[in-house]
Each structure stands twice: as C-alpha cells, then as structure tokens.
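[1] Dropping a prediction and its sequence here:
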Amino acid sequence: MSTIAAFYGGKSILITGATGFMGKVLMEKLFRTSPNLKVIYILVRPKADQTPQQRVFQILNSKLFEKVKEVCPDVHEKIRAISADLNQSDFAISKEDTQELLSCTNIVFHCAATVRFDDHLRHAVQLNVAATQQLLLMASQMPKLEAFIHISTAYSNCNLKHIDEVIYPCPVEPKKIIDSMEWLDDAVIDEIAPKLIGDWPNAYTFTKALGEMVVQQESRNLNIAIIRPSIVGATWQEPFPGWVDNLNGPNGIIIATGKGLLRALRATPKDVLDVVPVDIVVNLTLAVGWYMAVRRPTSMLIYHCTSGNLNPCNWGKMGPQVLATVKKFPFEKAFRRPNADFTTNTITTLYWNTVSHRAPAIIYDFCLWLTGRKPRMTKLMNRLIRSLSLVEYFIKQTWEWSTYNTEMLMSELSPEDRRVRTALT
Ligand SMILES: CCCCCCCCCCCCCCCCCCCCCC(=O)SCCNC(=O)CCNC(=O)[C@H](O)C(C)(C)COP(=O)(O)OP(=O)(O)OC[C@H]1O[C@@H](n2cnc3c(N)ncnc32)[C@H](O)[C@@H]1OP(=O)(O)O
Ligand SMILES: NC(=O)C1=CN([C@@H]2O[C@H](COP(=O)(O)OP(=O)(O)OC[C@H]3O[C@@H](n4cnc5c(N)ncnc54)[C@H](OP(=O)(O)O)[C@@H]3O)[C@@H](O)[C@H]2O)C=CC1
C-alpha cells in the first residue's frame, strides 16, 4: 500500500466542496485507496429540493463511486453529511455537528468556492474570502488537526506574468472588503467593483487572491498549505478516464465542439494551454496533506499544480486532438458535425461568430418556429458566445508558474507513490 494511502487510515477528514467537481474526485480517491479511514465529514447544503443526505446518496450511487463500493462496502457509514451553508456567517451548522467537527477532525481540505466568473462581488467575497476566514477560525479550535489544505487557483495572481509559489499581497485588505460587504448595498458594490477588482479579470480570481491573504493572515499556529491548480479537466486515469460533471473550464468548450455548436475559437496555436486532469490535482492534494502532517514544514507552503513547464500542451496540439476525438466518438443529438478552427483577431472572431454561430442558430430556430416547436438554439449559442468571452482572458495569454515546491514534494515520495502521482512530468 502507498505510504500516503496508509497515512489516511483511521483519520477523520473534513472536506468542504465535496459535492463539487474536484471534491467528488477527492472523496472517491480517499475512500478507494484508504478504505480504513475513520470518517469523511462533508459540508453539504440542501439543493434543488434534495436534502444533504439525498444528495450524498445520489453521489455514492453514481458511476464515479462504482469502484469504491467494491473496496469500501461500508462507505455509507463512513461519510457524514453535515448540513451547512457557507453563505451564512456560522455556516448554519448545528451546535452538535460543530462540536463533533471541532473535537474529531484531523485533516481539512477546503475546496468549496464559487467558481463563476460573473458572480456578484458580494457573493464571491462571502464564499471565497469570508467563508475561508470562518473555516480557519474553526480549524484553530480543532485540537487533533494535523493539516489544513486550502485549494486556490493558479490564476489568483493572473495579473502577473510569472508567478512563484508565494502569496502576493493584494492592494485591498481582505478584512476591509468583508466588512464593507456587510453594509454596502448591491448597487453601490456594482459601482465600485471594477475599481476594487483592479487589474484582475473577474471577481472569481480577485476573491481567490484575497482568500489566500486571509489564509496567510489567519493561519495562527495551523499547519497550512495552499494548492493552486490551473485549468482542471476531466480525469486522466482514476477512477476511469474522461469523467467530468460540469461545463466549466475546458469541459463546456470541448462539449460545444463535439456538439457542432462551436466552430471558431480565438486562440493562438503556439500558445501553451495549462490544463491538468482532476485526478492529478487530487493526487497532489492528498500528497500535500500527508507531507504537511508528517514532515511538518516550518512555514506555510504553496504548491502549483500546473503542466505548462513540466508537460506543455499548446493549442495547435490540443485543438486537432479534441477534434479528432469528437469525430471518432460522435456526440448524440449533435447540432452539426464537429468542425472548428482558430481565429486570431477580433475581426475574424466577430465574422465567424456571426456566420458560423449566430446565423445558423437563428435559421434553425426559425425552422423550429415554423414547425410549431419552441426555438432554443439562439439562446444556447448566445450562452456559449458569452462563456467564450468570459474565458477569453485566460485563452489569449499565457503565464509561467514556478513548480519548485511541487517538484520537491514529488522527490520526497516513495517509488510507489511517485509512480501514482507524478503524471505531470
Ligand atoms: C481547432 C479548434 C478546437 C476547439 C476545441 C479546443 C478545446 C481545447 C480545450 C479548451 C480549453 C479551454 C480553456 C478555458 C479556460 C478556462 C479558464 C479557467 C481559468 C480559471 C480556472 C479556475 O480556477 S475555476 C474554473 C472553473 N470556472 C469556470 O470555468 C467558470 C466559467 N463559467 C462561468 O463562469 C459560467 O458558466 C458562465 C461562463 C458565466 C456562464 O454562465 P451562464 O449562467 O450563462 O451559464 P451556466 O453555467 O449557469 O449554465 C446555464 C446554462 O447554460 C449552459 N451552458 C453553460 N456553459 C455552456 C457552454 N460552454 N456551452 C454550452 N452550454 C453551456 C448550461 O448547460 C446551462 O443549461 P440549463 O440552463 O439548461 O441548465
Ligand atoms: N475547476 C477548475 O478548473 C478549477 C477549480 N479550482 C478550485 O477548486 C475548488 C473546487 O472547484 P470545482 O470543484 O471546480 O467547483 P464546483 O463549482 O464544482 O464545486 C464548488 C463546491 O463548493 C460548494 N459550495 C458552493 N457554495 C456553497 C455554499 N454556499 N455552501 C456550501 N457549499 C458551497 C458547492 O456545493 P454545491 O454542490 O451545493 O453547489 C460545491 O461542492 C475551488 O476552490 C476552485 O476555486 C482551481 C483551479 C481550477
């Protein structure tokens, strides 16, 4: 058994964001490789008229957890869904549940966040900054806590071109932002948000940077690490290739290409696109949890989970591979046969958006209308074009991330663990 997997045996683990894309894969890996762990506490909010327990039941019965049921048949007993809402100042967790979390937790993985690029600043601050501050306060009251792992993003300092594994000071003090959100109304926040966000592209990356500052300021005597993944894509190997459950990041664009919706994408073929599979991010996350708890570094460490300088992939390689794959494995109910190409400037992008995206959608909807069916393609195409405009910032430029700490950690792993966890190189 791997040293890292053995480490998590008998542990009580708290995961926030466990119902999300990354959180599910993290939870699955823990149950599959450390079935003798004691318990995984997950903070779950009620959603779409499902109770937290119903949501957990649905996740455990999904394809992602098929292997877990074989190696950890008592998984239902080992998962503790705690009703919580990180939008509330006290997380709306009951006193009993809070007491159990504080007295039992050994490891915290903080994955929860709002990852939308168009979120209101108030919501992004509450979730990505204030909730992190509140969780750190809780963690400081956990006598058995061995490590606190905070998931940030490699783009928290995307206003810089070269990013080291350090925390960069933000121009605004996080506590002041949190306090001001409590008394400013939405209209005023909308007015001042662009000035507050400054040269960050959106509220998401700005509040993730603030969240890192809060982790640094409120670390007290906690044993903390921050992980910064770049663009996280579908699973590469574990528990099986190609698993994804959302349209975020690359997923929506690849699916839109496969469905024949996307015909033109503004990107420069030679530019490196920094994508990492979610199982690689999770492997690093578990390795960091083990390293921080066992080796106890004297200071907080930041780990970049990026592929650009270890195993670079550029658009000129990624694009044709995606096209070939979606042609080889065609999507059901595709709008058109997949075919797409890069545009390299605003004019050609506007032209192809009109000719290949908007016009065919309008014609298709007109036919739907003529035949008495509800038009829907124009709305979907506009959503896709809007999504592309929001991710364009991340596509049209490249960054350099140093990976010294991540490579140092890899060198500390046993041969067995290194075999499993170092697919980045
Ligand atoms: C040769 C050419 C080959 C071409 C192929 C080559 C491919 C190669 C690989 C490509 C690599 C690209 C890299 C991208 C860079 C990512 C940068 C991430 C960097 C930071 C990473 C992070 O650290 S964090 C990352 C996660 N954070 C996001 O990535 C948030 C984005 N996202 C949103 O911020 C919201 O999504 C946003 C957009 C507001 C919409 O918001 P919205 O309200 O309009 O839409 P919603 O998402 O709410 O979805 C409501 C309805 O729209 C439908 N829909 C949504 N997206 C859709 C879509 N793309 N295509 C169709 N349909 C879509 C959905 O199915 C729903 O349908 P329904 O209503 O029926 O349920
Ligand atoms: N995906 C990516 O490309 C990247 C992601 N990251 C980071 O990884 C982490 C996980 O991202 P990802 O899994 O993609 O995000 P998801 O949006 O898939 O998951 C977000 C998680 O946070 C939870 N959450 C959101 N709001 C609340 C709330 N009010 N109360 C309780 N829980 C809440 C969600 O719960 P619910 O299911 O109820 O909505 C969900 O479990 C984030 O910190 C993100 O910044 C970093 C780099 C890249």
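    Yes, it's here. Ligands and ions are numbered 1, 2, ... in the order given.

[2] switch to C-alpha atoms for all contacts and neighbour counts from now on
    Fine.

[3] can you give me the end-to-end distance of stretch 243-253?
    The first and last residues of stretch 243-253 sit 15 Å apart, counting by CA to CA, to the nearest Å.

[4] roughly how far apart are the closest residue to Lys333 other than its chain neighbours and Cys367?
    Nearest non-adjacent residue to Lys333, counting by CA to CA, 6 or more residues apart in numbering: Lys259, 7.4 Å away. Lys259 is 19 Å from Cys367, where distance means CA to CA.

[5] go on, Val172?
    According to CA to CA, Val172 and Cys367 sit 52 Å apart.

[6] neighbour count winner among Lys259 and Cys367?
    Using other CA atoms under 10 Å as the criterion, Lys259 and Cys367 rank with Lys259 on top: 21 against 14.

[7] residues touching the closest residue in space to Ala112 that isn't next to it in sequence, list them.
    Distances taken as CA to CA, 6+ apart place Gly17 nearest to Ala112, at 3.7 Å, with adjacent residues excluded. When contacts are counted by CA atoms under 8 Å, 6 or more residues apart in numbering, Gly17 touches Gly23, Ile42, Leu43, Val44, His110, Cys111, Ala112, Ala113.

[8] Among these, which lie within helices?
    Counting by DSSP state H, the part of those found in helices is Gly23.

[9] near ligand 2, which of the contacts of Gly17 show up?
    Gly23, Val44, Cys111, Ala112, Ala113 (CA under 6 Å from any ligand atom).

[10] what is the closest residue to ligand 2 within the stretch 301-425 of the chain paired to in the beta sheet?
    Of all residues in the stretch 301-425 of the chain, Cys305 sits closest to ligand 2, at 8.8 Å by CA to the nearest ligand atom. Beta-bridge pairing for Cys305 (DSSP bridges): Pro229.

[11] Nearest residue to Thr344 in space, please, no chain neighbours.
    Closest to Thr344 by CA to CA, 6+ apart is Arg266, at 5.5 Å.

[12] residue contacts, that neighbour?
    Arg266 neighbours (CA under 8 Å, 6+ apart): Phe342, Thr343, Thr344, Asn345, Thr349, Glu392, Ile395, Lys396.

[13] right, and the last one touches Thr268 too?
    Yes - contact criterion CA atoms under 8 Å: Lys396 and Thr268 qualify, at 7.1 Å.

[14] between the two, who's got more neighbours?
    Using other CA under 10 Å, the more surrounded residue of Lys396 and Thr268 is Thr268, with 18 against 14.

[15] Just give the nearest non-adjacent residue to that one, would you?
    Nearest in space to Thr268, with sequence neighbours left out and distances taken as CA to CA, 6+ apart, is Thr344 at 6.2 Å.

[16] Does that neighbour touch Ala264 like I think?
    No - applying CA under 8 Å as the test, Thr344 and Ala264 come out as separate, 9.9 Å apart.

[17] Please identify which of the two sits among more neighbours.
    Taking other CA under 10 Å, Thr344 and Ala264 do not tie; Ala264 has more neighbours (21 against 15).

[18] returning to what we had before: and the residue nearest to Ala112, how far from Asp90?
    Separation of Gly17 from Asp90 (CA to CA) stands at 16 Å.

[19] show me the contacts for Ala124.
    Ala124 makes contacts with Ala113, Thr114, Ala203, Tyr204, Thr207, as judged by CA under 8 Å, 6+ apart.

[20] Which members of the residues you listed are positioned in strands?
    Counting by DSSP state E, no part of those is found in strands.

[21] Filtering these by proximity to ligand 1, which remain?
    Checked against ligand 1 using CA under 6 Å from any ligand atom, these yield no neighbours at all.

[22] circling back to that earlier point, name the nearest of the ones next to ligand 2 among the contacts of Gly17 relative to ligand 2.
    Distances from ligand 2 to those, taken by CA to the nearest ligand atom, are shortest for Ala112, at 3.3 Å.

[23] for the closest one, what are its contacts?
    Residues near Ala112 by CA under 8 Å, 6+ apart: Thr16, Gly17, Ala18, Gly20, Leu127, Asn128.

[24] For ChimeraX, write the selection for the buried entries among the residues you listed.
    In ChimeraX, this line selects whichever of the contacts of Ala112 come out buried by 16 or more other CA atoms under 10 Å:
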select :16,17,18,127,128
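
[25] The contacts of Ala112 into JSON lines, with extra columns for secondary structure and distance to ligand 2?
    Output for these, formatted as JSON lines (DSSP: H, G, I helix; E, B strand; the rest coil; distance: CA to the nearest ligand atom, whole Å):
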{"residue": "Thr16", "secondary structure": "strand", "distance to ligand 2": "7"}
{"residue": "Gly17", "secondary structure": "coil", "distance to ligand 2": "3"}
{"residue": "Ala18", "secondary structure": "coil", "distance to ligand 2": "5"}
{"residue": "Gly20", "secondary structure": "coil", "distance to ligand 2": "3"}
{"residue": "Leu127", "secondary structure": "helix", "distance to ligand 2": "6"}
{"residue": "Asn128", "secondary structure": "helix", "distance to ligand 2": "8"}
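
[26] okay, the contacts of Ala112 in JSON lines with distance to ligand 1 and pLDDT next?
    Putting the contacts of Ala112 into JSON lines (distance: CA to the nearest ligand atom, whole Å; pLDDT from 0 to 100) gives the following:
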{"residue": "Thr16", "distance to ligand 1": "16", "pLDDT": "98"}
{"residue": "Gly17", "distance to ligand 1": "13", "pLDDT": "98"}
{"residue": "Ala18", "distance to ligand 1": "15", "pLDDT": "98"}
{"residue": "Gly20", "distance to ligand 1": "11", "pLDDT": "98"}
{"residue": "Leu127", "distance to ligand 1": "14", "pLDDT": "98"}
{"residue": "Asn128", "distance to ligand 1": "12", "pLDDT": "98"}
